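*Asks:* Pasting a predicted model and its sequence here:
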Amino acid sequence: MSKLTSVGREDLPKRKIALPDERKYLAGDKAHARNAKAYAAQQEKAGKLSAADR
C-alpha cells in the first residue's frame, strides 16, 4: 500500500472524505468508508462528535 503524504491528502476530492469541512475520516474505498463510519460512531458515543456531523 502506498503512503499518503500531506500534499496528497490535501488534493483528495471532498467526496472521498467523510467530514470534508474538517478533512477528517478518509473514505476512498469501501473498507475505509466502513472504518470511517465505525470510528465516527465511536466518537459520537464518546461525546466528541455530534450526530449532525456524523
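*Replies:* Now that the structure is in, tell me what you want to look at. Numbering: from 1, shown residues only.
*Asks:* how close does residue 32 sit to residue 17?
*Replies:* The span separating residue 32 from residue 17 equals 10 Å under the rule C-beta to C-beta, to the nearest Å. To be clear about C-beta, it is placed using only N, CA and C from the backbone, and glycine gets the same treatment.
*Asks:* mind checking the SS state of the residue positioned nearest the centre of the chain?
*Replies:* With distances taken as C-alpha atoms, centre = their mean, residue 25 lies nearest the centre of the chain, 1.2 Å away. Assigned with DSSP: H, G, I helix; E, B strand; the rest coil, residue 25 falls in the strand class.
*Asks:* hang on, isn't it packed against residue 19?
*Replies:* Yes: the pair residue 25 / residue 19 is scored as a contact, 5.5 Å apart, by C-beta atoms under 8 Å.
*Asks:* got any residues that touch both of the two?
*Replies:* Common neighbours of residue 25 and residue 19 (criterion: C-beta atoms under 8 Å, 6 or more residues apart in numbering): residue 40.
*Asks:* Would you enumerate the residues in contact with residue 26?
*Replies:* 4, 9, 12, 16, 17, 18, 32, 36 are the contacts of residue 26 under C-beta under 8 Å, 6+ apart.
*Asks:* ChimeraX command to pick out the buried ones of those?
*Replies:* Entered in ChimeraX, the line below selects the buried ones among these, by 16 or more other C-beta atoms under 10 Å:
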select :17,18,36
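*Asks:* from the contacts of residue 26, which single one is nearest residue 49?
*Replies:* The closest of those to residue 49 turns out to be residue 18 (C-beta to C-beta; 10.6 Å).
*Asks:* That closest one touches residue 36, doesn't it?
*Replies:* Yes: assessed by C-beta under 8 Å, residue 18 is found in contact with residue 36 at 4.4 Å.
*Asks:* any residues in contact with both of those two?
*Replies:* 25, 26, 27.
*Asks:* Distance check, the last one against residue 39.
*Replies:* The reference is to residue 27. In terms of C-beta to C-beta, residue 27 sits 10 Å off from residue 39.
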